[in-house]
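K.L.:
Everything below, folded, please.
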Amino acid sequence: MLLQAEWTGKVKRQDRLVRSAHFRYQGSLEEIDWNANRNLDKSQILQLADCGFITRAENVLITGPTGVG
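P.N.:
The predicted structure follows:
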């Protein structure tokens, strides 16, 4: 029960933080259009999504054209 309470608290906190951030758009990996001519490397994006770079203490720098966010 303690573990469940901790998990529920973390989920509620994350939801609250996302709501308070007032993001203009919602997005997820499942919504990425891989067929578009965007030069996205699917394997590289999915590798970044597993956040292994954090445990390896690596820096990640993502660049793109001006104005893309």
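
K.L.:
what's the longest helix in the chain?
P.N.:
In the chain, taking DSSP state H as the definition, the longest helix is helix 2-21.

K.L.:
Next secondary structure after it?
P.N.:
Using DSSP states H and E, the helix or strand that directly follows helix 2-21 along the chain is helix 42-49.

K.L.:
Can you list the helices and strands that the helix or strand following that next one packs against?
P.N.:
For helix 42-49, the succeeding helix or strand toward the C-terminus, using DSSP H and E, is helix 52-55. Helix 52-55 sits against no helix or strand, with contacts defined as 3 or more CB pairs under 8 Å, 6 or more residues apart in numbering; DSSP states H and E. Every residue, glycine included, has its C-beta placed from N, CA and C.

K.L.:
and helix 52-55, what's its mean pLDDT?
P.N.:
Mean per-residue pLDDT for helix 52-55: 94.

K.L.:
I45: neighbouring residues, count only.
P.N.:
Residues near I45, counting by other CB atoms under 10 Å, number 13.

K.L.:
Tell me who's in contact with it.
P.N.:
L29, I32 (CB atoms under 8 Å, 6 or more residues apart in numbering).

K.L.:
separation between it and E58?
P.N.:
Per CB to CB, to the nearest Å, I45 is found 16 Å from E58.

K.L.:
What of E31?
P.N.:
26 Å.

K.L.:
Over to D15?
P.N.:
For D15, the distance to E58 - CB to CB - is 29 Å.
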